[in-house]
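**Q** just a sequence and a predicted model for now, questions to come.
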Amino acid sequence: MTRAYALAVAPNGARRTHADHPALPMTPDELGACAKACLEVGTAMIHLHVRKADGTHSLEVSDYAAGIAAVRRAVGDELVLQVTTEAVGIYAPAQQIATVQALRPEAISVALREILPDATHAPAAQAFFGWLWRENVTAQYILYDTEDVAHYWRLRASGAIRPGRHWVLFVLGRYSKGQLSSPSDLLPFLSAWQTGADALGEASGATPWAMCAFGPREAECALAAVLYGGHARIGFENNLYLPDGSISPDNAASLRALTSAAAPLALAPMTADALRELTR
């Protein structure tokens, strides 16, 4: 039997430009074309960063509206469209929250350490988490290390984050030398994840998890995650290389490095609707 996994593309990120790779999408039309190409490879979700007119990172509603419209024209509802709230040292938690509440997108990603950097931000963050849950905005909580994992489970235990309508993302190798990830970087996350689930009395698979990685072992890390029952995010945001060390021609080729390795193991990417059902 074939087992399905969710494949997401992170095609651009907040910092890279055409100077880093000519196929990195920056404009709304480029995002739409990239989304369509990645859909054909099997992705279920696009992790969306948009830019200002000068090419710099934006969380402005008008910039997001243009990017969202372009992706929807290209793929309709065949991809889950996940809006990033990444601050990049520019936006404060209140601005991140205001953008999401103005857009009311289908899905968002949010780093716990950005939206809740200290106890003074706890009331606003908890109110935001509750708003996401009530408004059926699927959140993906970004966890950079095992302390972030423990923080997530404390928020779950307190009721600040309710069960359901969300998933999490483990960022492998974010603080490693050269930001080069290895499949072994997944193991501390999985151990901390199981510890937190056990403490709450929840099956470790009840809340879905995914991972992203840096460097040419990205596809290898992603395959390890899928084999452990998780899901994967791949793309030019974190890595421009194929497993053989060559530059990937585009995001679709980077995704294909995983799907081609997973297929002989009876692992197949799921559809957007299956991902919506998984994270509802």
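**A** Received, thanks.

**Q** measure residue 23 to residue 247 for me?
**A** 10 Å (CB to CB, to the nearest Å). Bear in mind the C-beta positions are built from the backbone N, C-alpha and C, glycine included.

**Q** pLDDT score assigned to the residue nearest to residue 171 when sequence neighbours are not counted?
**A** Excluding the flanking residues, the one nearest residue 171 by CB to CB, 6 or more residues apart in numbering is residue 144, at 4.9 Å. Note on residue 144: pLDDT of 97.

**Q** burial count for residue 144?
**A** Burial of residue 144 is recorded as 19 neighbouring residues (other CB atoms under 10 Å).

**Q** quick check: which ranges of this protein have low pLDDT?
**A** 175-177 (pLDDT under 70).

**Q** that one: helices as residue ranges?
**A** 28-41, 61-75, 93-103, 112-115, 122-134, 146-158, 186-200, 218-227, 251-262, 272-278 (DSSP state H).

**Q** report the buried residues of the fourth one.
**A** Think helix 112-115. Residues of helix 112-115 classed as buried: 112, 114-115 (neighbour count, 16 or more other CB atoms under 10 Å).

**Q** any residues touching it, and which ones?
**A** If you take CB atoms under 8 Å, 6 or more residues apart in numbering as the criterion, helix 112-115 is touched by 85-87, 93, 96-97, 121, 125, 128, 141-144, 148, 151-152, 155.

**Q** run the last query once more with 10 Å
**A** 85-89, 91-94, 96-97, 100, 121, 124-125, 128-129, 139, 141-145, 147-149, 151-152, 155, 161, 168 (CB atoms under 10 Å, 6 or more residues apart in numbering).

**Q** that one: how far from the chain's middle?
**A** 15 Å (CA atoms, centre = their mean, to the nearest Å).

**Q** roughly how far does residue 214 sit from residue 197?
**A** From residue 214 to residue 197 the distance is 26 Å (CB to CB).

**Q** who's more crowded, these two?
**A** Between residue 214 and residue 197, counted using other CB under 10 Å, the more crowded position is residue 214 (22 against 17).

**Q** could you measure from that one over to residue 163?
**A** From residue 214 to residue 163 the distance is 30 Å (CB to CB).

**Q** cool, and residue 193?
**A** Where residue 163 is concerned, residue 193 sits at a distance of 15 Å (CB to CB).

**Q** so the two - more neighbours on which side?
**A** residue 193 (24 against 12).

**Q** residues contacting the residue nearest to residue 171?
**A** Taking CB under 10 Å, 6+ apart, one finds 111-114, 169-175, 189 in contact with residue 144.

**Q** and of those residues, the nearest to residue 219?
**A** Minimum distance to residue 219 across the contacts of residue 144 is 12.4 Å, recorded for residue 172 (CB to CB).

**Q** number of residues surrounding the closest one?
**A** With other CB under 10 Å as criterion, residue 172 counts 30.

**Q** tell me the phi and psi of it?
**A** Dihedral angles of residue 172 (phi, psi; degrees, to the nearest 10) stand at phi -80, psi 130.

**Q** wait, it sits on residue 225?
**A** Yes: here residue 172 reaches residue 225: they are 8.5 Å apart, a contact under CB atoms under 10 Å.

**Q** touching both of the two, which residues are there?
**A** 183, 186, 189, 211-213.

**Q** would you turn the residues you listed into a markdown table with distance to residue 31 and neighbour count?
**A** Below are the shared contacts of residue 172 and residue 225 laid out as a markdown table (distance: CB to CB, whole Å; neighbours: other CB atoms under 10 Å):
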| residue | distance to residue 31 | neighbour count |
| --- | --- | --- |
| 183 | 30 | 18 |
| 186 | 29 | 23 |
| 189 | 29 | 24 |
| 211 | 23 | 28 |
| 212 | 18 | 26 |
| 213 | 22 | 30 |
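
**Q** pull the most distant pair out of those residues.
**A** 183 and 212 (13.0 Å).
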